[in-house]
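In: When you get a sec, could you give me coordinates for this:
(4 chains)
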2 protein chains.
Amino acid sequence: MDKRQQLIHSAFELFYRNGIHAVGINQILQTAGVAKKTLYHHFASKEELIAAVVEYRDEKFYNWLASRLELVKPGYDGLNELFDAVDDWINNRVDLLTDFHGCFFINTCAEFNDPQQLIYQQCQQHKKKINGLIERQIRALGILEPATHHVTDSISLLKEGAIVMAHVQGDLTAAKKAKDMAWIVLAAYLS
Amino acid sequence: MDKRQQLIHSAFELFYRNGIHAVGINQILQTAGVAKKTLYHHFASKEELIAAVVEYRDEKFYNWLASRLELVKPGYDGLNELFDAVDDWINNRVDLLTDFHGCFFINTCAEFNDPQQLIYQQCQQHKKKINGLIERQIRALGILEPATHHVTDSISLLKEGAIVMAHVQGDLTAAKKAKDMAWIVLAAYLS
DNA sequence: ACAGAGGTATACCGATCTGTCTATTCTTCT
DNA sequence: AGAAGAATAGACAGATCGGTATACCTCTGT
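Out: Modelled structure (predicted):
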């Protein structure tokens, strides 16, 4: 019954479904069942609440993906698991992440389009963390070291493409397509 | 000096840079140098202006890409041109499209997250039109007919991934990576 | 026992939002 | 010349925005 956490949780649900700027503070308060004074006791401004929401989602998403990847061997299995995880997410088979509405961080960058803003940078930072997970898989594959970052970015590109295809174009098989392409591309790098 | 067009143009610039919900009507009016009455003479509401802006960008972007693809032979050359065009766009070498801030349609879907809303559907429609351009290239390659749509979606996925990587992660070489992957994947399909 | 922290509910503030209205000017067509 | 249409500036309405203030109510730790 931590009110602060309750606020963050409700705010995230509303932001994720409706966009951040479209959601007012009173709406969040009503959904969370919390008094306005309490919000401003925990956060100095709406901006701070937003930052806390982004951090909350960052941790939740990263921990979810990291824990899935820990279940399998890094490398082949890890990359399969990566795309399977995205597939599960896209097709709403992951309760933890709530109904799929695209990537919250991509969506947030769309609204806070200035790279100098804190919130934009938080989103970039999140993506870097996720890239770190991917990079570990790539290294385990035995890709030649100089190509590691390039290949990591390529896999990341496929993952981002799958998310956007699923969100905007409604292609629920996008993660499977990305997975197939990933192995074709990696085969070319490993030969 | 068409006031209606001036409004749409100014609104697009502001929406693209700052997000739609973050931009007020008065700000648009000031930027466009147009009176409020004139806006509501041409559009019944802000919603209608937004719809007109999406349509405007749809036409502008589609016509730009289509005209670039018309300069080369469909197939190999067309697909190269597709990714070169995206590369030019991402790296701000296309004045017509104004400074790159991600894909306006992806951004807009992030703000109007409900697939039943008109504006969301306009964005989906735009993506379908772009997919049509890609599909023409795929057919010209002589891919086996049953795979045409699958391959088209795969190339579209690579394109979307490149746009998002460039926007969120700041990878300005994303289009080149996508192009490389496209040929690796297509080689596998053509063999 | 009682101070203090965290909570509720709600009135309020100034700013800003979309949209309407008035009153006036410029342009264009016949 | 004169009517009609499109434009102007800007006041205004009503709602909502983020944020503050007031007054009161629980808990909890020493």
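In: Any residue of stretch A:31-45 touching chain B?
Out: No - using C-beta under 8 Å from any C-beta of the partner chain, stretch A:31-45 stays clear of chain B, coming no nearer than 15.8 Å. For glycine as for every other residue, the C-beta is placed from the backbone atoms N, C-alpha and C.
In: Revised request: answer the last question for stretch A:46-59.
Out: No - figure legend: stretch A:46-59 not in contact with chain B (C-beta under 8 Å from any C-beta); closest approach 12.5 Å.
In: Output that stretch as CSV, nothing but the C-alphas.
Out: Taking Å, rounded to 0.1, in the frame of the first residue of the first chain, the C-alpha atoms of stretch A:46-59 are listed here in CSV:
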residue,chain,number,x,y,z
LYS,A,46,4.7,16.3,-12.8
GLU,A,47,8.0,16.2,-14.5
GLU,A,48,9.5,14.4,-11.6
LEU,A,49,6.7,11.9,-11.5
ILE,A,50,7.2,11.2,-15.2
ALA,A,51,10.9,10.6,-14.6
ALA,A,52,10.0,8.2,-11.8
VAL,A,53,7.6,6.4,-14.1
VAL,A,54,10.3,6.0,-16.8
GLU,A,55,12.7,4.7,-14.2
TYR,A,56,10.0,2.3,-12.9
ARG,A,57,9.4,0.9,-16.4
ASP,A,58,13.1,0.7,-17.1
GLU,A,59,13.7,-1.5,-14.1
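In: Return stretch A:143-162 as CSV; C-alpha atoms alone will do.
Out: Taking Å, rounded to 0.1, in the frame of the first residue of the first chain, the C-alpha atoms of stretch A:143-162 are listed here in CSV:
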residue,chain,number,x,y,z
ILE,A,143,31.9,-13.1,-33.3
LEU,A,144,35.2,-11.5,-34.2
GLU,A,145,35.7,-8.8,-31.6
PRO,A,146,35.9,-5.7,-33.9
ALA,A,147,32.4,-6.6,-35.2
THR,A,148,30.8,-7.0,-31.8
HIS,A,149,29.2,-3.6,-31.6
HIS,A,150,28.1,-3.5,-35.2
VAL,A,151,26.4,-6.9,-34.8
THR,A,152,24.8,-5.9,-31.5
ASP,A,153,23.4,-2.8,-33.1
SER,A,154,22.1,-4.9,-36.0
ILE,A,155,20.3,-7.3,-33.7
SER,A,156,19.0,-4.3,-31.7
LEU,A,157,17.7,-2.8,-35.0
LEU,A,158,15.8,-6.0,-35.7
LYS,A,159,14.3,-6.0,-32.3
GLU,A,160,13.2,-2.3,-32.6
GLY,A,161,11.8,-3.0,-36.0
ALA,A,162,9.7,-5.9,-34.7
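In: If you count neighbours, what's buried in it?
Out: Buried residues in stretch A:143-162, counting neighbours by 16 or more other C-beta atoms under 10 Å in any protein chain shown, are found at A:143, A:151-162.
In: What of stretch A:71-88?
Out: So, applying 16+ other C-beta under 10 Å, buried residues of stretch A:71-88: A:72, A:74-75, A:78-79, A:81-87.
In: can you check stretch A:36-52 too?
Out: Neighbour-count burial for stretch A:36-52 [16+ other C-beta under 10 Å]: A:39, A:42-43, A:46, A:49-50, A:52.
In: just stretch A:133-144 next, same as before
Out: By neighbour count with 16+ other C-beta under 10 Å, stretch A:133-144 contains the buried residues A:133-135, A:137-138, A:141, A:143.
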